[in-house]
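**Student:** got a predicted structure here, sequence first:
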There are 2 protein chains.
Amino acid sequence: MLAEIITIGDEILIGQIVDTNSAWMAKQLNLIGIKVKQITSVSDDETHILEALRLAEGRAQIVLITGGLGPTKDDITKLTMAKYFNMDFRRDEETLEHVTKIFEKLKRPMIEGNIRQADVPDGCIVIQNKNGTAPCMWFNHNKKIFISMPGVPHEMMYLMDEEILPRLKDAFELPAIVHKTILTSGIGESFLAQQITSVEDALPEHIKLAYLPRLGQVRLRLSGTGSDEQVLKSEVEFYAQKIIAEVKSFVVVEDDIPLEKAVLDIMQASNLTLSTAESCTGGYLAHLITQHPGCSAVYAGGAVAYSYELKESILGVQESTLSSYGAVSEQTVVEMAAGAVKQFNTDYAIAVSGIAGPDGGTPDKPVGTVWIAVANRQNVQAKVFNFGNKRVQNIERSAIAALTMILGRLKQDHD
Amino acid sequence: MLAEIITIGDEILIGQIVDTNSAWMAKQLNLIGIKVKQITSVSDDETHILEALRLAEGRAQIVLITGGLGPTKDDITKLTMAKYFNMDFRRDEETLEHVTKIFEKLKRPMIEGNIRQADVPDGCIVIQNKNGTAPCMWFNHNKKIFISMPGVPHEMMYLMDEEILPRLKDAFELPAIVHKTILTSGIGESFLAQQITSVEDALPEHIKLAYLPRLGQVRLRLSGTGSDEQVLKSEVEFYAQKIIAEVKSFVVVEDDIPLEKAVLDIMQASNLTLSTAESCTGGYLAHLITQHPGCSAVYAGGAVAYSYELKESILGVQESTLSSYGAVSEQTVVEMAAGAVKQFNTDYAIAVSGIAGPDGGTPDKPVGTVWIAVANRQNVQAKVFNFGNKRVQNIERSAIAALTMILGRLKQDHD
């Protein structure tokens, strides 16, 4: 079963926003056995939208459309859909009631544009959008399904979770799709490929292997398609274990979870607590960890110690250490990590201090120099990294390196 | 001048990664006057890639392709490009030398897949990729330009910045494009539209207005296209000021910069310092701030005080406050903000404490209840918000609300 996603709106095409919707939608569709053939972003332009709809209809059975449903003049998705399906408009009373209630609750006056939100192409099925005023519209057309949703992420997510995915599951008999991801670190894509070439060559037609490199890591993803999910799972697992056996020392996590989730899972299982002491990562490490529900069982908190003053007052770094060795040094990062364990009373702490750039580099310590330390209550280990000269990437790479480092340490201490 | 972006690779279509490349590329292209007509994501499938190339060639003068250039079997972009242009392969000695050097530096053996990186379609212009082993390939074809780049973000960014954008500027006489963004808060999209309808109706054909709503904010974007950049700038500015005059009280920033950058700019201009005290935002607020180069002139750091213990030890929140009112309360958040000003010795502090969810809600304080306080050395103001039930959005909305709050406070204190 193939689907396509069309996102409508100039904001993506001028690069003002990143299209996070499509990846989220694709992931949910894959989980229920619907493959996404193409993702297309087009502008708020009738001719272009009509062409995109026609082409998508030629390639897929399901077309999901987001965006362009606002009450303003630049939003033309609804008009264009009506034209595509050659439909007139009707006023949907349930939608009007829903929109009216929202405005009553907000104590705001309703204007013509809001009332028009209730006008829908007369051949569509209206699905109420509890999180907003633009209704979701479902079109059955030539044995294919077209679904138009608002582009506001939380409205789209709610509609997909609660309405669209269950209805698609009912509408089709879907094949099973099983993915298995293996995260590796410290080995290049091509060298990895050479190591596992015999496994790759032996893969059956219905199981595919992809290499997904990103900032010093490579994710290996096996994807199998079939009819029996259980059989497929064990098949995919069989080949995954063969791959792991070939490259065991480079495998970080045998699962499609982010690194920080792997750290949290291992620590929670052993009843361990964690804190962070960040300089150049500036809260990013804490943010990665605290995205995950339930992280408070492991994570106590931490410091974003940007200034010397805070490194001393919150983390107990010695003034003499800072003045002798500087903030970006083994000595400082060791004191930061040990200080976090002590001050925040946790079993482990991760500390990061580096020069994210673009300024602040010196010949000795160029931009991209990052010290990372992991401490427990007994000892501290530190390591220096030399990343590039881009600030945002240095922050991200530092966080990945820090998480890889504590993961290694935890495996060593608790395996 | 129209361009299209084609991203190749299953990882986007199964939702494993978010396509951040396209937005970044679109932004850079817009800045030099090239409009992006469509962004298309397709899988590593020859027939599909060929169709995407053909369709893009029909709509645009420039086609930028990312991804599928790795040394492994699933990467077929190069083979497909050669087929599309009906070209043979040649070995590019300069690329081979470059790849060899990289492997020498890494002290890793070179394998067949790496050597093949130097094989390129014989009619393309090779552009060396200093950040990786896959070369960039430039094809002139039927008076159109096709450029194939690696999908690894920092490799693509480097190539765009240093090679592609300068060459495109040389290749075409480009029109000027001027954007102006006005960020509003606290007013709905349709009400906003009604307020500025007379300005919108009076816009000339070459200036367009778009509404970009996101989490309680609406960005208004004016985009003008013309020949004389200076004339265009003043025209766009003229209409922007007309819009601002209509909705002045809702305007947060008159610029296309993130909220936290506006906070940093205002504070730096007045020589003020800032710290943060975060509970439910878990370092996200600090991360937003520290993404920006030079933030250390304003930002001293902060605490991610997830546990009660850290709220007391780092921020000086009274144990009795926490036990009487709980962590998510006006009293606690006020003590957190005042504590941060005092402990971190800054002019201002922002504190956030709430229930991000999905667990931890009570009938009194459901998931999405968030207290935010802004303190300076004299006083503290606190406000409660009720967001939804999605963790990631609650974190994001809390950060936006906190930044909007301090921005309002700064304007009040220092205007």
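**Tutor:** The structure has been received and is ready for your questions.

**Student:** skipping its backbone neighbours, what lies nearest A:T184 in space?
**Tutor:** Closest residue to A:T184 apart from its sequence neighbours, by CB to CB, 6 or more residues apart in numbering or on different chains: A:F250 at 4.3 Å. (Glycine included, C-beta is placed from N, CA and C.)

**Student:** next up, the contacts around the one you found.
**Tutor:** A:184-187, A:192 (CB atoms under 8 Å, 6 or more residues apart in numbering or on different chains).

**Student:** next one: A:K242
**Tutor:** Contacts of A:K242 (CB under 8 Å, 6+ apart): A:V199.

**Student:** and it, which of the three is it?
**Tutor:** Look at A:K242: counting by DSSP: H, G, I helix; E, B strand; the rest coil, its state is helix.

**Student:** shouldn't A:M156 be within a strand?
**Tutor:** No - secondary structure of A:M156 (three-state DSSP): helix, not part of a strand.

**Student:** confidence score at it?
**Tutor:** pLDDT for A:M156: 96.

**Student:** wait, what's in contact with it?
**Tutor:** Applying CB under 8 Å, 6+ apart, the residues near A:M156 are A:21, A:25, A:66, A:149-150.

**Student:** do the same with A:V218
**Tutor:** Contact partners of A:V218, counting by CB under 8 Å, 6+ apart, are A:183-185, A:187-189, A:192, A:211-212.

**Student:** try it again with 7 Å
**Tutor:** A:184, A:187, A:189, A:192, A:211-212 (CB atoms under 7 Å, 6 or more residues apart in numbering or on different chains).

**Student:** let me have these in TSV, extended by neighbour count.
**Tutor:** As requested, the contacts of A:V218 are arranged in TSV below (neighbours: other CB atoms under 10 Å in any protein chain shown):
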residue	neighbour count
A:T184	24
A:I187	17
A:E189	22
A:L192	22
A:Y211	23
A:L212	21
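
**Student:** just the ones of the contacts of A:M156 in helices?
**Tutor:** Among the contacts of A:M156, the ones falling in helices (DSSP state H) are A:21, A:25.

**Student:** lowest pLDDT pick from the contacts of A:F250?
**Tutor:** A:G186 (74).

**Student:** for the nearest residue to it once chain neighbours are set aside, give me phi and psi.
**Tutor:** Closest residue to A:G186 apart from its sequence neighbours, by CB to CB, 6+ apart: A:F250 at 5.5 Å. Reported as degrees, to the nearest 10, the phi and psi values for A:F250 are phi -100, psi 0.

**Student:** measure A:F250 to A:I400 for me?
**Tutor:** Taking CB to CB, to the nearest Å as the measure, A:F250 falls 15 Å from A:I400.

**Student:** over to A:R219?
**Tutor:** Distance from A:R219 to A:I400, by CB to CB: 12 Å.

**Student:** element containing A:K37?
**Tutor:** strand A:35-42 (DSSP states H and E).

**Student:** can you list the helices and strands that that strand packs against?
**Tutor:** strand A:2-8, helix A:21-31, helix A:46-59, helix B:10-13, strand B:35-42 (3 or more CB pairs under 7 Å, 6 or more residues apart in numbering or on different chains; DSSP states H and E).

**Student:** quickly, which of these bottoms out on average pLDDT?
**Tutor:** Going by mean pLDDT, the lowest-scoring of the helices and strands packed on strand A:35-42 is helix B:10-13, which has a mean of 89.

**Student:** quick check, that helix touching chain A?
**Tutor:** Yes - contact of helix B:10-13 with chain A (CB under 7 Å from any CB of the partner chain) involves B:10-13.

**Student:** if anything else comes up later, I'll come back, but that's it for now.
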